[in-house]
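1. Give the three-dimensional model of this entry:
(chains A, B, C and D)
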Number of protein chains: 2
Amino acid sequence: MSTTPPAAARRATITDVAREAGTGKTSISRYLNGEMSVLSPELRARIEAAIERLDYQPNQMARGLKRGRNRLIGMLLADLTNPYSVEVLQGVEAACHALGLMPLICHAANEVEMERRYLQLLTTYRVEGVIVNALGVREETLRPVGGGGIPAVLVDRSVEGLVADMVGLDNRAAAELGTRHLLDNGFDDIWFVVQPFEQISSRQLREAAFREVMSGEGGKGREGGPGGKGEGSRTGGKGNGDKGGARGHTLVLNLAEPAAVERALAELDRAIDAVGGSGGAVSSAADNAARSATDNATDNATDNATDNATVTAAVRAIGKPSRIALFAANAPVALCLALHLKARYGVDWQARVALLSIDDPEWAELTGVTTIRQPTYEIGYRAVEFLHERIEGVQTTARDCLLPGELIIRASTSR
Amino acid sequence: MSTTPPAAARRATITDVAREAGTGKTSISRYLNGEMSVLSPELRARIEAAIERLDYQPNQMARGLKRGRNRLIGMLLADLTNPYSVEVLQGVEAACHALGLMPLICHAANEVEMERRYLQLLTTYRVEGVIVNALGVREETLRPVGGGGIPAVLVDRSVEGLVADMVGLDNRAAAELGTRHLLDNGFDDIWFVVQPFEQISSRQLREAAFREVMSGEGGKGREGGPGGKGEGSRTGGKGNGDKGGARGHTLVLNLAEPAAVERALAELDRAIDAVGGSGGAVSSAADNAARSATDNATDNATDNATDNATVTAAVRAIGKPSRIALFAANAPVALCLALHLKARYGVDWQARVALLSIDDPEWAELTGVTTIRQPTYEIGYRAVEFLHERIEGVQTTARDCLLPGELIIRASTSR
DNA sequence: CTGTTAGCGCATTCAC
DNA sequence: GTGAATGCGCTAACAG
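-> Numbers count the residues shown, from 1 in each chain, chains lettered A, B, ... in the order given. Sure thing, here's the model as predicted:
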């Protein structure tokens, strides 16, 4: 019951409205496009009434077809499970709202195949542009966008061979900030834990910056743009630079492969156990825990047994007890680490290892983990603004917008 | 460099392809629609080649305009910040993928106004249906969908005055499961904490089921279908039923209003402090809390300025020290509680209060909180299936699909 | 089997 | 000021 008008039988079309208002379609169209000044107040009123009466709503599809632009943009997310994505999305939505755009959100769920399909679907729907948080793949998949194709702006990471605007965190600065914080707080055995980074520029930059700081070259200014391309050097940051010989290691955690994760965590465990007891006779209970550790979560598949396990520097025990800290390159990694450590060392795991993470997931505050919060909302907002400019025809050379991260110190590292 | 064809100058149209293949548009169209059996292998080959050469991709908009169906469905989410939403989304995407649908994801971000705008935007784009996880609003906003309008299926909660398929958790069973678990584990002072539930059916059902179990009427079987509509019984669960006089309370936590949250948490603190010292001299503060009790649930009317602070049952102190537990109606509430408790009682807060939550956020495992995991993926998947049937013309009466939750016992309640 | 003819709902010249 | 005609890219009858 209620006021619901007959409606919906079949949505009214512009023709219906024209007839209802006793005029031609042209006038209706003009009314719709706000060309009020060209309509006699009288006609305008009749149109208004007709529209109201028929509950008319212009068909965007038809409109887009004719006009050539449908106000649709695609938003391709690599992984919505990562809070980062959701937050960026908020900014994107706000900006779209403000600019009269409608974002088509596509979730690749970490599947390159999905990414490809969605991208092609988006072009099929003739979106005016896409903002993409790409998976590790290269140009190949993105062929339809960028330079020759539809306007695109990258988020968080750049894609090899794809020239387009990019907006994301200032990775170098963020990694430096975190590393310095750890160093300043007396940690002298720092492990930078990151997912495979050959393909993802942001991870590469973070890892490189971490290594630089650890090897003492930290002070040098930003070299060129965020390039992210030729970050080949694997010179383990075996430390001994300044900072009283603090050691730095890079551990790769391939979350997609349980077996690899297990191996990596095992290596980490050894390192932690090594600096274990502050005094002499250490581990004992540690060993027991150690057993159930490894097999705790991820021991299922063993997928295809590849080995991107550890790209690490030397692990050596020194005389004086050192303080160990883990620097997670992003939230998913941090969660994996926290889960593992908790399982292995109990609820009080943070007494043994400090954890710092880029990204500020909701559980960070709850567990007292120090983080570097990304300006996610702004990243999303700016991305849309860039894209909008591009859609409107701006032709400047590809831009990069690096926003600063904010260090949020919590119990885990402040001792 | 590379293979990228001249492309993109202006996307090729079906006419271009027809010309290129030396034939008419019709044949191209037929090819596109898989009517292969009606095309000579020879022509078919030519078309294939032409398409390849021009990198042609049919314009879905135009196609939709003509055909009347664009394979687009809307997915309106109330709050993407809630992991629940993201998980449901996964199911939705998978199902869409399988059924050849393209979901337009809209995020209302808890703003009713946004919800309205998006809904209207969706109809403007002529989506074939919408699956909506509505905000608390009623029919009003949803007018364009459901019965008279475009097909719709509700997720998680039903909307008053809106007849449509609904798929979600079996709230009664889930709340019972949780409550019983708590009772069985010796907790005799249980607080069900929930956001304002006058408008949200799922919250209502959870709260009602909780009260029923607490008041001892728990055993009775599911009455009738999942109706969800006429759940009238408001008999406060003042406890004293079976279960050795365990007491049950309902605390409303309006996360949208900081002040209200603070008040509610304060009440909780009093209760916790009351049972605090395991020793004798208890209650005192309990009395204060008791005051605001009785005027329990659903006294909605007072919508706005209301004080949805505490809708609780009598709080009575007993001689023997009681064990207190919090039953969060969903993840956001659980997080709020955990954050507060940790801030107030320190990292070891779980020693004082047990927490059980419906929803299984990623931090639950990390903090050892017991949860009732919802079959989110399936909920999303089923929702799309229902919608698809509807779109295809199925006319059965509105259906309700209630899926069971799974209790995941962790340290917080297992002692 | 294949090409022709009409529109889908709307925005645009271009006349009146 | 206002309205008729034309076509966006594509599908759907109808003929050949």
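
2. For chain A, which residue gets nearest to DNA strand D?
-> residue A:24 (2.9 Å; CB to the nearest atom of the strand). Glycine gets a C-beta too; all of them are placed from N, C-alpha and C.

3. three-state assignment of the closest residue in space to that residue that isn't next to it in sequence?
-> What sits nearest to residue A:24 in space, not counting adjacent residues and going by CB to CB, 6 or more residues apart in numbering or on different chains, is residue A:18, at 5.6 Å. When classified by DSSP: H, G, I helix; E, B strand; the rest coil, residue A:18 comes out as helix.

4. Burial check on residue A:18, number of neighbours?
-> 18 (other CB atoms under 10 Å in any protein chain shown).

5. Likewise for residue A:273?
-> Neighbour tally, residue A:273, other CB under 10 Å: 19.

6. quick one, phi/psi of it?
-> Per-residue torsions, residue A:273: phi -60, psi -30 (degrees, to the nearest 10).

7. just to revisit the earlier point, pretty sure the residue of chain A closest to DNA strand D contacts residue A:14?
-> No - using CB atoms under 8 Å as the test, residue A:24 is too far from residue A:14 to be in contact (9.9 Å).

8. anything in contact with each of these two?
-> In terms of CB atoms under 8 Å, 6 or more residues apart in numbering or on different chains, residue A:24 and residue A:14 are not both contacted by any residue.

9. Specify which residue of those two has the higher count of neighbours.
-> Between residue A:24 and residue A:14, counting by other CB under 10 Å, residue A:14 is the more crowded of the two (19 against 13).

10. Hmm, that one is touching residue A:28, no?
-> Yes - between residue A:14 and residue A:28 a contact is recorded at 5.2 Å, counting by CB under 8 Å.

11. Break chain A down into its domains, please.
-> Domain ranges of chain A: A:14-58, A:71-169+A:377-403, A:171-373+A:406-413, per automatic domain parsing.

12. For DNA strand C, find the nearest of the ones you listed.
-> Per CB to the nearest atom of the strand, nearest to DNA strand C of the domains of chain A: domain A:14-58, 3.0 Å.

13. any idea of the mean pLDDT for that closest one?
-> Domain A:14-58 carries an average pLDDT of 92.

14. Same check on stretch A:405-415?
-> On average, stretch A:405-415 scores 93.

15. out of the domains of chain A, deepest packed?
-> domain A:71-169+A:377-403 (a mean of 21; mean count of other CB atoms under 10 Å in any protein chain shown).

16. Quote the end-to-end distance of it.
-> Taking CA to CA, to the nearest Å, domain A:71-169+A:377-403 runs 27 Å from one end to the other.

17. Is any residue of it near chain B?
-> Yes - Domain A:71-169+A:377-403 comes into contact with chain B (CB under 8 Å from any CB of the partner chain), by way of A:80-81, A:86, A:89-90, A:93, A:102, A:104-105, A:107, A:109, A:117, A:120-121, A:123-126, A:139, A:143-144, A:148-150, A:161.

18. Just the ones in strands from those, please.
-> Judged by DSSP state E, the subset of these located in strands is A:102, A:104, A:105, A:107.

19. Wait, residue A:368 touches residue B:347, no?
-> Yes - assessed by CB under 8 Å, residue A:368 is found in contact with residue B:347 at 7.1 Å.

20. and the stretch 201-350 of chain A, which residues reach chain B?
-> A:335, A:338, A:339, A:342, A:347.

21. List the ones among those residues that fall in helices.
-> A:335, A:338, A:339, A:342 (DSSP state H).

22. Pull the most distant pair out of these.
-> Distances among those were taken as CB to CB; the most separated pair is A:335 and A:342, at 10.5 Å.

23. what's the overlap in contacts for the two?
-> residue B:366.

24. Is it correct that residue A:409 is in contact with residue A:369?
-> No - counting by CB under 8 Å, residue A:369 is not a contact partner of residue A:409; they are 10.3 Å apart.

25. Close to DNA strand D: what parts of the stretch 1-150 of chain A are there?
-> A:22-27, A:38-40, A:42-44, A:62, A:65-66 (CB under 7 Å from any atom of the strand).

26. Please repeat the previous calculation with a cut-off of 10 Å.
-> A:14, A:18, A:21-31, A:35-44, A:46-47, A:61-68, A:124, A:126 (CB under 10 Å from any atom of the strand).

27. So which of those residues are in strands?
-> Residues of those located in strands (DSSP E): none.

28. Which members of the residues you listed are positioned in helices?
-> Short answer: these in helices (DSSP H) are A:14, A:18, A:21, A:25-31, A:41-44, A:46-47, A:61-67, A:124.

29. With pLDDT and distance to residue A:209 added, can I get the ones in strands among the residues of domain A:71-169+A:377-403 next to chain B in TSV?
-> Formatted as TSV, those follow (pLDDT from 0 to 100; distance: CB to CB, whole Å):
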residue	pLDDT	distance to residue A:209
A:102	92	37
A:104	93	35
A:105	93	31
A:107	93	30
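
30. Give me the pLDDT value at residue A:117.
-> Residue A:117 is given a pLDDT of 89.

31. quick one: contacts for it?
-> Shown in contact with residue A:117 (CB under 8 Å, 6+ apart): residue B:97.

32. run the last query once more with 10 Å
-> A:106, A:108, A:111, A:141, B:97 (CB atoms under 10 Å, 6 or more residues apart in numbering or on different chains).

33. Now residue A:165: phi and psi?
-> Dihedral angles for residue A:165 - degrees, to the nearest 10 - are phi -60, psi 150.

34. That one against residue A:386, yeah?
-> Yes - judged on CB atoms under 10 Å, residue A:165 makes contact with residue A:386 at a distance of 4.4 Å.

35. Spell out which residues are contacts of both of those two.
-> With CB under 10 Å, 6+ apart, residue A:165 and residue A:386 have common neighbours A:131, A:151, A:152, A:153, A:154, A:155, A:394, A:398, A:399, A:401.

36. so can I have JSON lines of those residues showing pLDDT?
-> Below are those laid out as JSON lines (pLDDT from 0 to 100):
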{"residue": "A:131", "pLDDT": "96"}
{"residue": "A:151", "pLDDT": "93"}
{"residue": "A:152", "pLDDT": "94"}
{"residue": "A:153", "pLDDT": "96"}
{"residue": "A:154", "pLDDT": "96"}
{"residue": "A:155", "pLDDT": "97"}
{"residue": "A:394", "pLDDT": "89"}
{"residue": "A:398", "pLDDT": "94"}
{"residue": "A:399", "pLDDT": "96"}
{"residue": "A:401", "pLDDT": "98"}
